[in-house]
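Undergrad: Have a look at this prediction, sequence included:
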Amino acid sequence: MSDAPVQNSTAEPIVKSSQSDRRRRIQFIPRVGNADLNPASLAVIEASGKPLTYSFTHDGFAPTGTQAKVEDKRYSLPDDLGRPGRITDELRVKYVASSDPKSADQILKPDTEGWFVERKGKSRDEPWAEDDIVNIWEVICGIQLDDAPTENGVDTVSQGMFLTAPVQRRVALTA
């Protein structure tokens, strides 16, 4: 008999993780007139996108959502069954207050329409590329609300976003 450790063929793999620091990139593509742009297009991002990654606070771009449960109760069945129901996505943003024309504070004025495009898992410094996997939120910007001051902090603004189309999750950028 060998003293070597036994390899467990049914052991679960340890999957690789992805560091989040410096590995997010967010751009806002304003809707110009009635133009219906394709926000999943690399050409549109490069031509019209406004880089906002560093306008947001550390917790300032954190989408949330829920999915309702459709009840599926059956006659004399002791268990309640269910199915996936409607999805409710929400997006609130928080960014530093700034008069810089390239800041979120100046770009995301109330009633501005457009798309947020977010890339994760790839260095912030790498340019956008075809086949990058992104999430896309089509929005109308709500009112800008000045946040209360914090000790040893910076002035910030919070803002609700009104989603005008279903969120596009994990889509690949096209040329």
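TA: Noted; the coordinates are in hand.
Undergrad: Low-confidence stretches in this structure?
TA: 1-9 (pLDDT under 70).
Undergrad: quick one, strands of it?
TA: With DSSP state E as the criterion, the chain has strands at 24-30, 50-51, 56-61, 64-72, 81-96, 113-120, 133-146, 156-163, 168-172.
Undergrad: Export the ones you listed to CSV and append columns for mean neighbour count and distance to N38.
TA: Using the backbone N, CA and C atoms, a C-beta is placed for each residue, glycine as well. Formatted as CSV, those follow (neighbours: other Cβ atoms under 10 Å; distance: least, Cβ to Cβ, whole Å):
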stretch, mean neighbour count, distance to N38
strand 24-30, 21, 10
strand 50-51, 17, 17
strand 56-61, 15, 22
strand 64-72, 11, 23
strand 81-96, 15, 20
strand 113-120, 21, 9
strand 133-146, 17, 10
strand 156-163, 18, 18
strand 168-172, 12, 11
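Undergrad: Pipe those strands into a markdown table and attach distance to E126 per row.
TA: Shown next, in a markdown table, are the strands of the chain (distance: least, Cβ to Cβ, whole Å):
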| stretch | distance to E126 |
| --- | --- |
| strand 24-30 | 8 |
| strand 50-51 | 13 |
| strand 56-61 | 19 |
| strand 64-72 | 27 |
| strand 81-96 | 23 |
| strand 113-120 | 9 |
| strand 133-146 | 13 |
| strand 156-163 | 26 |
| strand 168-172 | 16 |
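Undergrad: To S18, which of the ones you listed lies closest?
TA: S18 lies closest, by Cβ to Cβ, to one member of the strands of the chain: strand 113-120, at 7.3 Å.
Undergrad: Mind giving me the packing neighbours of that closest one?
TA: Secondary structure elements in contact with strand 113-120, counted by 3 or more Cβ pairs under 8 Å, 6 or more residues apart in numbering; DSSP states H and E, are strand 24-30, strand 133-146.
Undergrad: Could you check those and tell me which one is nearest S76?
TA: Closest to S76 of the helices and strands packed on strand 113-120, according to Cβ to Cβ: strand 133-146, at 43.6 Å.
Undergrad: Just the C-alpha atoms of the closest one, please, in CSV.
TA: Only the C-alpha atoms of strand 133-146 are listed here, as CSV (Å, rounded to 0.1, in the frame of the first residue of the first chain):
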residue,chain,number,x,y,z
ILE,A,133,-18.6,40.9,-22.3
VAL,A,134,-20.7,43.8,-21.0
ASN,A,135,-23.9,44.6,-19.2
ILE,A,136,-26.1,47.4,-20.7
TRP,A,137,-28.7,49.5,-19.0
GLU,A,138,-30.9,51.8,-21.1
VAL,A,139,-32.0,54.7,-18.9
ILE,A,140,-33.5,58.1,-18.4
CYS,A,141,-31.6,60.0,-15.7
GLY,A,142,-33.6,61.1,-12.6
ILE,A,143,-33.0,64.1,-10.4
GLN,A,144,-29.6,64.7,-8.9
LEU,A,145,-29.7,64.8,-5.1
ASP,A,146,-26.8,66.2,-3.1
